[in-house]
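>>> Okay, sequence plus prediction incoming.
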Amino acid sequence: MKQITIEPTKGINHKVMIGERLIGHFIMDIDGYYYFDFKSENGIWTPIALRQVADLLEEINKPHDDGIKEYFKKTNGMKKEEQQQEVNEKIKSIADDIANSTSKVGDTNETYDKRKKQAEEMLFNLCEMYKMANS
């Protein structure tokens, strides 16, 4: 069986390949984690191939996972205001990644800034909804 590999694409997503054949993509969702999107529903998958995809997905998500664990370790003793500042900085960083990943050739700085602001607003709203649901 050929090895499954990943190739970065423009932005933050990755192609998932078996040899020269594209089988799907690792797509970063708004939560910062990558998910596997199959290219098609044709064909069958062996447990070994599925395990390889899962292992690659865990490997590509590990830095984000480690960052979240480090964040909670770091913020455990912080005051509420310091925690909120840390969250705001993280949101702006993720929004920047989203804006970069969705940029197109010929985009102006104004278009990029608008896309980043929209991503920030969505993330802030998501955090507020999470707080309300867990309070």
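Done, it's in.

>>> Output the longest strand belonging to the chain.
strand 21-28 (DSSP state E).

>>> Quick check: buried residues in it?
Neighbour counts over strand 21-28 (16 or more other Cβ atoms under 10 Å) mark Ile23, Gly24, His25, Phe26, Met28 as buried. C-beta: built from backbone N, CA, C; applies to glycine.

>>> what's in contact with stretch 37-49?
Contact with stretch 37-49 is made by Met1, Ile4, Ile18, Leu22, Ile23, Gly24, His25, Phe26, Ile27, as judged by Cβ atoms under 8 Å, 6 or more residues apart in numbering.

>>> tell me the contacts of the fourth one?
Under the criterion of Cβ under 8 Å, 6+ apart, the contact partners of Leu22 comprise Lys15, Val16, Lys39.

>>> residues near the first one, how many?
Put plainly, it is Lys15. 15 (other Cβ atoms under 10 Å).

>>> Please, which helix or strand holds it?
Under the criterion of DSSP states H and E, Lys15 resides in strand 14-18.

>>> Each with direction, which strands does that strand pair with?
Using DSSP bridges, the strands paired with strand 14-18 are strand 4-8 (antiparallel), strand 21-28 (antiparallel).

>>> so where's the chain uncertain?
1, 40-42, 78, 102-103, 134-135 (pLDDT under 70).
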